[in-house]
Structure formats: structure tokens, C-alpha cells
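Visitor: need coordinates for the following:
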Amino acid sequence: MSPLPDLGPSLVLLLVSLPLSMGIALAAGFPPALGLVTAIVGAIVVGLLGGAPLQVAGPSAGLAVLVLQMVDEHGFAVFGVILLLAGALQLAAGVCKLGRYFRAVSPSVIRGMLTGFGVLIIAGQAHMMIDDAPKESGLESLRQIPGAIAKLFDLTTLGAHHEAAMVSFPALFVILMWDRFKPARARVIPGALLGTLVGMLIAFARGFRVDVITVPPDLLSIISAPSAEALAGFSAPGTYLAACALAFVATAETLLCATAVSQMHQGDRTNYDLELMAQGGANLILGFVGAMPVAGVISRSTVNVEAGASSRWSTVFHGVWILVVVLLAPTLLEYVPRAALAAILVAVGFRLLGIKAIRSLSRFGPSVMLVFAATLLGVVAVDLLTGILLGLGLSSARLLLRATRLSIERIDGGADRIEVHLSGSASFLSLPRLADVLEAIPADARVHFVLDELSFIDHSCIDLLSGFKQRREDLGHDVVLDLNALLSIREAGDERS
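Guide: Purely as a prediction, here's the structure:
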């Protein structure tokens with residue numbers, strides 16, 4: 001297939017990726033140029049080698065939250081080692097064909113994680129929209145939002161905060177309105193690009209002295225191999241735990257994105273293991289040069305499909321275009337106000353909140369919403385790993401509870417005849433409740449056990465039921481209980497396990 005039809009979509013991707021990559025780098029505490037390095041490596045390496053042809057890999061707003069936490073805790077140098085290890089884990093998981101298993105994460109955990117990302121991004125970037133200093137944590141950012149608003153209403157000292165707000169708020173308004181009301185013919189024009197241009201025009205026309213991004217004229221000057229300090233990180237146990245967390249989150253986001261993108265087109269289906277190996281290889285490279293991690297990104301992937309991309313060449317070309325811009329015209333990027341990039345990220349944060357998805361999730365009951373809420377609160381109040389572990393723990397407990405639930409229904413049929421219907425899973429956990437039901441049956445009643453909906457029974461419950469049957473029959477009372485059926489149910493359960 002000729003790559004020429006993908007030139008147009010690749011240019012659209014370029015216009016989306018430039019502002020987003022720089023903004024996400026700032027949100028993660030990295031220089032904007034390293035966000036562009038990640039975009040270039042992700043586009044070219046994963047684009048050429050990955051198993052999801054129309055998925056776009058690059059800096060992820062969700063991962064930015066985790067990266068910022070890890071950099072704060074371990075430092076930039078050790079984070080490179082963390083990323084190296086995370087990439088190696090992803091590569092190994094792909095080689096071992098574990099890609100599809102990473103998709104087996106409860107949607108309530110994923111939704112809670114993404115919503116938590118959205119809250120943290122909005123809270124952190126709200127301060128950056130007025131050129132205020134970033135805060136130490138997500139909770140601190142949330143706590144100090146009223147103070148940031150107070151600065152804007154303090155009209156006695158008009159200054160840098162007000163000028164930044166006059167750049168960022170119109171940019172945010174344009175992004176949100178364009179994404180909601182853009183005409184069908186112009187759907188491939190990214191709102192992020194329009195918002196950035198509006199912010200640049202306002203800052204230039206009014207002569208505002210707002211913070212702007214800086215891009216070094218020589219991109220190689222910001223790329224560095226792991227230092228001695230970084231190599232010392234290999235001996236720290238916390239490094240390996242952080243690498244596992246980063247690999248897990250990046251992989252879950254990537255493969256969920258790949259699933260969503262595969263439903264948007266009729267082209268080649270996704271090879272999850274190949275995609276995971278390509279992502280791991282890209283992260284190995286990025287860890288070695290001290291850049292940010294790469295992941296599959298739904299926003300850019302959606303733009304890619306809607307722009308008419310037909311093969312992986314659209315992703316590859318857009319990485320080449322970014323490289324060309326950075327090498328030949330880096331000074332053009334230095335006109336971009338940081339406040340405008342913060343507005344882009346706040347818009348991304350609103351999308352990550354996923355209000356519609358939360359409403360859809362709520363239809364599945366309070367237990368699902370409990371898992372969602374625990375994950376969300378853990379991510380926002382503590383850290384990402386805690387939130388994910390809380391969510392996974394609760395979802396596993398919920399699954400275990402459902403798997404071990406036994407429904408016991410007693411029906412009095414008249415003429416001293418009682419039916420006991422058993423359905424679900426009869427294990428030692430349900431033994432006390434089953435024993436209470438059996439002991440409450442009148443001594444002279446005829447008992448008929450109905451087992452049609454019983455999916456599992458263990459040895460302890462079989463012993464209880466067979467002992468009940470034997471005692472009643474010794475006293476001359478009828479008990480209808482097919483012990484062979486119970487043994488067959490148990491054997492079937494053993495085969496499934």
C-alpha cells in the first residue's frame with residue numbers, strides 16, 4: 001500500500017501533537033522539548049513496529065500525573081532507570097504473549113484512574129493558567145484553587161497573573177467550544193491548535209509579558225545517557241516498584257486505547273502482543289535518553305482515524321514532521337505561552353473526567369461505584385499506585401464475593417413438604433448459613449433439594465448435605481437429594497479450576 005494517502009492525515013496529527021506534547025511535558029515537570037522527543041520516538045518506533053496501525057503513541061496526559069509523582073520522589077536521573085525497567089517489563093510481557101491479559105482490568109478501576117487523572121490535571125494546570133507556581137501535590141493544588149481565584153479578583157494590582165489569565169481563558173473557551181460545536185467539514189482541525197493560536201495572538205497583540213516555552217536550538221543538547229547517580233537507582237527497591245506501576249499503567253492505557261481505536265475502522269485488527277513489544281522498545285530508548293514515557297493516546301488516535309489515515313505511515317510521517325520542525329524552526333515554538341498550553345491540558349482534564357462514562361458505570365450498581373470511588377480517591381488523595389491497588393483489591397473482593405455467593409430459597413409446598421433450592425456457589429464460606437437453614441426445617445417434613453442452578457459445591461457442603469440426608473432417613477423421613485449430582489457438580493468445578 002502506498003504511503004502517499006497518509007501524508008494529509010500526518011500533517012493534521014502534527015498540528016495536534018505539537019502543542020499537546022509540549023503541554024504534557026510541562027505537566028509532568030519536564031522541559032517541553034523532551035515532550036517532543038517522546039512524540040518523535042513514539043511515532044516512529046511504535047508506528048513502524050507496533051501491532052495497532054492507526055493508534056498514535058506519544059506523551060500521555062494520564063501518565064503525566066504518575067511521572068510527576070515519580071520525578072518528585074526519585075529525581076530525574078533515577079526516573080530514567082525506572083522508565084528503562086518499565087520498558088523492559090513491557091517488552092518481556094509482549095514476548096511472553098501477555099498482552100491480552102492486561103485488558104482484563106475492571107472498567108471501574110480504569111474509569112476511577114482516568115477520572116483521578118482528570119482531577120489532578122485540572123487542579124495542577126489551573127494554577128499554570130495564571131502563570132502561578134506549581135504546587136507540591138494534587139491535594140495542595142486543589143486546596144489552593146480558591147487562592148488562585150482570589151488573585152484574579154484582586155484588581156488593585158494588575159500584573160502577570162491577570163495577563164496570563166487573559167491568554168489562557170480565551171484559549172480554553174475556544175478549545176471547549178470548538179470541540180463541542182465544530183462543523184462536520186472542519187472536524188479534523190484540532191481545538192488544541194486553535195486554542196494555542198488564540199493565546200499566541202492575544203499575547204502578541206497586547207504585548208503581555210507571559211511565560212513562554214523554551215526549546216533549545218540543538219535538540220541533542222537535552223538528551224543524556226544514564227549518569228552514575230541514575231545507575232545507583234538499580235540498587236533501590238523502590239525503583240522496581242515504581243517501574244512495575246509505570247509499566248502497568250502505560251500498558252493498560254495503551255491496550256485499552258488500541259481496543260477503542262480498532263472499533264473505529266475496518267482495517268487490520270490489533271496485535272496486542274506486538275503493540276506491547278513496540279511500546280516497551282520505545283520506552284527503553286526514551287529511558288536511556290532521559291525523556292518521558294510513551295503510551296497509546298486516544299485523542300491523537302481518534303484524530304488520526306477521522307483525518308482519513310489508512311495505514312501506519314500517517315503516524316510515522318507525523319513523527320518525522322515534528323523532528324523537522326524542531327530541527328529547522330525551533331524558535332517558532334518559543335512564541336507559545338505556557339498559559340495557553342495549560343488551557344489545553346485543562347480541556348484534556350475535563351475530557352478525562354468522563355461524566356457520561358461515570359453515569360453509564362452507575363447503572364451496574366453500588367458495588368461497581370464503590371470500586372470507582374475508592375480508585376478515584378486513592379489516586380487524588382494519596383498517589384496513583386495506591387489508587388490502583390485499592391481499586392484492584394476491591395474489584396477482586398467483589399469478584400470473590402460473587403463467586404462464593406450461595407442463594408438458598410426454602411419453599412413450603414404444603415402437606416409437610418419443603419423444597420430447598422440451591423443456586424450459585426456452595427463453599428465452606430456459606431456453610432454456616434446453609435446449616436442454619438437445614439436446622440430450621442421441621443423434624444417430620446419431607447425435604448426435596450433442587451440443584452438445577454448450583455454451579456459449584458465443595459467437600460464441606462457435600463458432607464453437610466449428605467449427613468443431613470442420612471440422619472433424616474435414619475429417623476424414617478423422606479429426603480430427595482441426588483448425591484451423585486452433587487459429586488458431578490464438584491468434579492465439573494475441579495475441571496474448570
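
Visitor: which other helices and strands contact the helix or strand containing Leu18?
Guide: Assigned by DSSP states H and E, Leu18 belongs to helix 7-27. Counting contacts by 3 or more C-beta pairs under 8 Å, 6 or more residues apart in numbering; DSSP states H and E, helix 7-27 is packed against helix 32-41, strand 57-58, helix 61-74, helix 107-128, helix 191-206, helix 298-306, helix 313-328, helix 338-353. In this view, the C-beta of every residue, glycine as well, is placed from N, C-alpha and C.

Visitor: domain parsing of the protein, as residue ranges.
Guide: 4-397, 405-496 (automatic domain parsing).

Visitor: coming back round to it: pick the most buried one from the helices and strands packed on helix 7-27.
Guide: strand 57-58 (a mean of 32; mean count of other C-beta atoms under 10 Å).

Visitor: hmm, who's touching it?
Guide: When contacts are defined by C-beta atoms under 8 Å, 6 or more residues apart in numbering, strand 57-58 is touched by residues 17, 20-21, 38-39, 42-43, 46-47, 50, 254, 278-279, 282, 294-297, 300, 315.

Visitor: just the mean pLDDT for that strand, thanks.
Guide: Averaging pLDDT along strand 57-58 yields 92.

Visitor: that one pairs with which strands, parallel or anti?
Guide: strand 295-296 (antiparallel) (DSSP bridges).

Visitor: next SSE downstream of the longest helix along the chain?
Guide: Identified as the longest helix of the chain according to DSSP state H is helix 237-262. Going down the chain from helix 237-262, the next helix or strand is helix 272-289, by DSSP H and E.

Visitor: circling back: and the angle from the longest helix of the chain to helix 61-74?
Guide: If you take axes from the mean of the first three to the mean of the last three C-alpha atoms, to 10 degrees, helix 237-262 sits at 180 degrees to helix 61-74.

Visitor: now do helix 237-262: distance to the chain's middle.
Guide: Distance of helix 237-262 from its chain centroid, counting by C-alpha atoms, centre = their mean, to the nearest Å, is 8 Å.

Visitor: what angle do that helix and helix 298-306 make?
Guide: 30 degrees.

Visitor: mean confidence for helix 237-262?
Guide: Per-region confidence: helix 237-262 scores 85 on mean pLDDT.

Visitor: next one: stretch 323-338
Guide: Average pLDDT, stretch 323-338: 84.

Visitor: returning to what we had before: check which residues of the longest helix of the chain are buried.
Guide: Buried residues in helix 237-262, counted by 16 or more other C-beta atoms under 10 Å: 239-240, 242-243, 245-259, 261-262.

Visitor: surely His448 forms part of a strand?
Guide: Yes - according to DSSP: H, G, I helix; E, B strand; the rest coil, His448 belongs to a strand.

Visitor: just give the nearest non-adjacent residue to it, would you?
Guide: Excluding the flanking residues, the one nearest His448 by C-beta to C-beta, 6 or more residues apart in numbering is Val480, at 4.2 Å.

Visitor: now do Ile388
Guide: Using C-beta to C-beta, 6+ apart, the closest residue to Ile388 is Met113 (6.2 Å).

Visitor: ditto for Leu465
Guide: Leu481 (6.2 Å).

Visitor: where does the prediction get shaky in this protein?
Guide: 1-2, 102-104, 155-158, 263-267, 402-403, 415, 493-497 (pLDDT under 70).

Visitor: from Tyr101, how far off is the residue nearest to His448?
Guide: According to C-beta to C-beta, to the nearest Å, Val480 stands 44 Å off from Tyr101.

Visitor: now Leu34
Guide: Leu34 is 31 Å from Tyr101, where distance means C-beta to C-beta.

Visitor: repeat for Ala445
Guide: Taking C-beta to C-beta as the measure, Ala445 falls 50 Å from Tyr101.

Visitor: rewinding a little: which of the domains of the chain sits most buried?
Guide: Among these, domain 4-397 has the highest mean neighbour count (mean count of other C-beta under 10 Å), at a mean of 20.

Visitor: span of that one from start to end?
Guide: Length of domain 4-397, first residue to last, C-alpha to C-alpha, to the nearest Å: 52 Å.

Visitor: next: stretch 129-137.
Guide: One end of stretch 129-137 sits 17 Å from the other (C-alpha to C-alpha).

Visitor: contacting residues around that stretch?
Guide: Stretch 129-137 is contacted by residues 29, 72, 124, 127-128, 141, 144, 148, 151-152, 160-165, 168-169, 172, 210-211, 338-339, 342-343, 346 when judged by C-beta under 8 Å, 6+ apart.

Visitor: again, but for stretch 321-333
Guide: Applying C-beta under 8 Å, 6+ apart, the external contacts of stretch 321-333 come out as 10-11, 14, 17-18, 21-22, 32-33, 36, 39-40, 43, 213, 215-217, 219.

Visitor: any idea how far the residue most central in space within the chain is from Ile44?
Guide: Of all residues in the chain, the one closest to the mean position by C-alpha atoms, centre = their mean is Glu253, 4.5 Å from it. Here the criterion is C-beta to C-beta. By it, Glu253 lies 20 Å from Ile44.

Visitor: what do you get for Ser21?
Guide: Ser21 sits 14 Å away from Ile44, taking C-beta to C-beta as the criterion.

Visitor: check Ala184 too.
Guide: Distance of Ala184 to Ile44, computed by C-beta to C-beta: 32 Å.

Visitor: cool, Phe288 as well?
Guide: Phe288 is 15 Å from Ile44, by C-beta to C-beta.
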